[in-house]
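J.: fold the stuff below for me.
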Amino acid sequence: MADRESPDWAAVWEPLVATFDASAGPSLPAAECLAWLDAGDTGVVVLSVDALPMVVPVRYRTGTEGIHLTVPAGLPVAAALDQQIVGLQASGDDGAGGRWTVMAVGRAAAAPTAPPTGFIVTPTLVHGYRFEL
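T.: Numbers count the residues shown, from 1 in each chain. Sure thing, here's the model as predicted:
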C-alpha cells in the first residue's frame, strides 16, 4: 500500500467515515479500506443520471481534501457529477494471491483547479472486502 502524501490522508479521513454493516459478510475496517484506496489509481464512479444508474471510469488519487477524480474528457456525464452523492469503486491484487475491492461513498464537488473533468469526493462511508477469483 502506497504512502503518497503527508500527513497521512487516511488518518485524516478515518474518524470521519462510517462502514457498512458487517453482518453481510467479512468487511475490512475503515483504515484498511482507505489504505487500499491509497494504493490504487483507477476505478469507476457510480451515480444516478435522470434516475438511471451510470458507471463512469475514472483515475483518482487520494489527498487530505478527499479523493480527487479525473473523468475522461468528452464524457457528457462530467457536469452531472457536481454536488451528486457518488460511489467510487476500486479493486486490485493484494500481492498475496487474493483480491480486494473498496467502495467510498460521498458528495462530489467540481475541483476549481481542474475544470471541467476534475472532482473531489468527500468520503463519508467506506466498505471493502477481500476475495479470491
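J.: tell me the SS of the residue nearest to the spatial centre of the chain?
T.: Residue closest to the average C-alpha location in the chain (C-alpha atoms, centre = their mean): Leu88, at 3.6 Å. On the three-state scheme (DSSP: H, G, I helix; E, B strand; the rest coil), Leu88 is labelled strand.
J.: beta partners of it?
T.: Applying DSSP bridges to Leu88 yields these beta-bridge partners: Val45, Ala104.
J.: Phe131 now?
T.: With DSSP bridges as the rule, Phe131 is bridged to Arg99.
J.: mind listing what it touches?
T.: Neighbour list for Phe131: Gly98, Arg99, Trp100, Thr101 [criterion: C-beta atoms under 8 Å, 6 or more residues apart in numbering]. The C-beta positions use only the backbone N, C-alpha and C, and glycine is treated the same way.
J.: would you confirm that the residue nearest to the centre of the chain contacts Val45?
T.: Yes - assessed by C-beta atoms under 8 Å, Leu88 is found in contact with Val45 at 5.5 Å.
J.: any common contacting residues for the two?
T.: Residues touching both Leu88 and Val45 comprise Val58, Leu69, with contact defined as C-beta under 8 Å, 6+ apart.
J.: show me the shaky parts of the chain.
T.: Within the chain, the segments meeting pLDDT under 70 span 1-7, 9-25.
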